[in-house]
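Enquirer: Quick one, structure for this:
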Amino acid sequence: MGGAADCDVLVCGLGPVGQLLALLLGRAGVKVTAIDQAPEPFDLPRAAVVDDEVLRIFQSAGVDERIRADSQVQEEVSFVTEAGRPTGTFLSAAVVTPAGRMARYQSYFTTSFELIDWAPERPSGGNA
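Expert: Reported below is the predicted structural model:
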């Protein structure tokens, strides 16, 4: 890593959004360079719920089937105050809760990078 990047778009940060953006742009034929200071993906949960709009984005990226197979559909979602008092409930079969960690979803993005012949740039080892 270093020097001038020969790309149309530079994505800085390879969290779930950065990886997904790089994947979508690459699938659209945009020359992307994506970098992150961390040598490995962050392995703690980042998303508790994925709604139908995000599922459509995952579909555009070609990873929706793997994500849905690894998720649980919630038919009802409740909102509560900090004290635990319910404020509302709505029905939505499109809301899914990750069965594992967001890092698992990110691995789906990474394996999809191979389809567009591209790989994100991360520093080797722990030298961030």
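Enquirer: going forward, measure contacts and count neighbours with C-alpha atoms only.
Expert: Fine.
Enquirer: show me where pLDDT drops low in the protein?
Expert: Within the chain, the segments meeting pLDDT under 70 span 1-5, 43-49, 92-106, 111-128.
Enquirer: so what's the backbone phi/psi at Thr87?
Expert: The phi/psi pair for Thr87 (degrees, to the nearest 10) reads phi -110, psi -20.
Enquirer: From what I see, it and Val77 are in contact.
Expert: No. Look at Thr87 against Val77 with C-alpha atoms under 8 Å: they stay out of range, at 11.0 Å.
Enquirer: neighbour-wise, which of the two wins?
Expert: Val77 (13 against 9; other C-alpha atoms under 10 Å).
Enquirer: so which strand or helix has the more buried one?
Expert: Using DSSP states H and E, Val77 maps to strand 71-80.
Enquirer: how about the helices of the protein, start to end?
Expert: Secondary structure of the chain by DSSP state H: the helices cover 16-27, 52-61, 64-69, 102-113.
Enquirer: on that earlier part again, as PDB, could you dump the C-alpha coordinates of the strand holding Val77?
Expert: What follows is strand 71-80, C-alpha atoms only, in PDB (Å, rounded to 0.1, in the frame of the first residue of the first chain):
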ATOM      1  CA  SER A  71     -30.700 -15.400   9.500                       C
ATOM      2  CA  GLN A  72     -33.900 -15.700  11.400                       C
ATOM      3  CA  VAL A  73     -37.100 -13.900  10.200                       C
ATOM      4  CA  GLN A  74     -38.800 -11.900  12.900                       C
ATOM      5  CA  GLU A  75     -42.500 -11.600  12.300                       C
ATOM      6  CA  GLU A  76     -43.100  -8.900  14.900                       C
ATOM      7  CA  VAL A  77     -40.800  -6.100  16.100                       C
ATOM      8  CA  SER A  78     -41.400  -4.200  19.400                       C
ATOM      9  CA  PHE A  79     -40.000  -0.800  20.400                       C
ATOM     10  CA  VAL A  80     -39.400  -0.200  24.100                       C
END
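Enquirer: looking at the helices of the chain, which is closest to Glu40?
Expert: helix 102-113 (9.9 Å; C-alpha to C-alpha).
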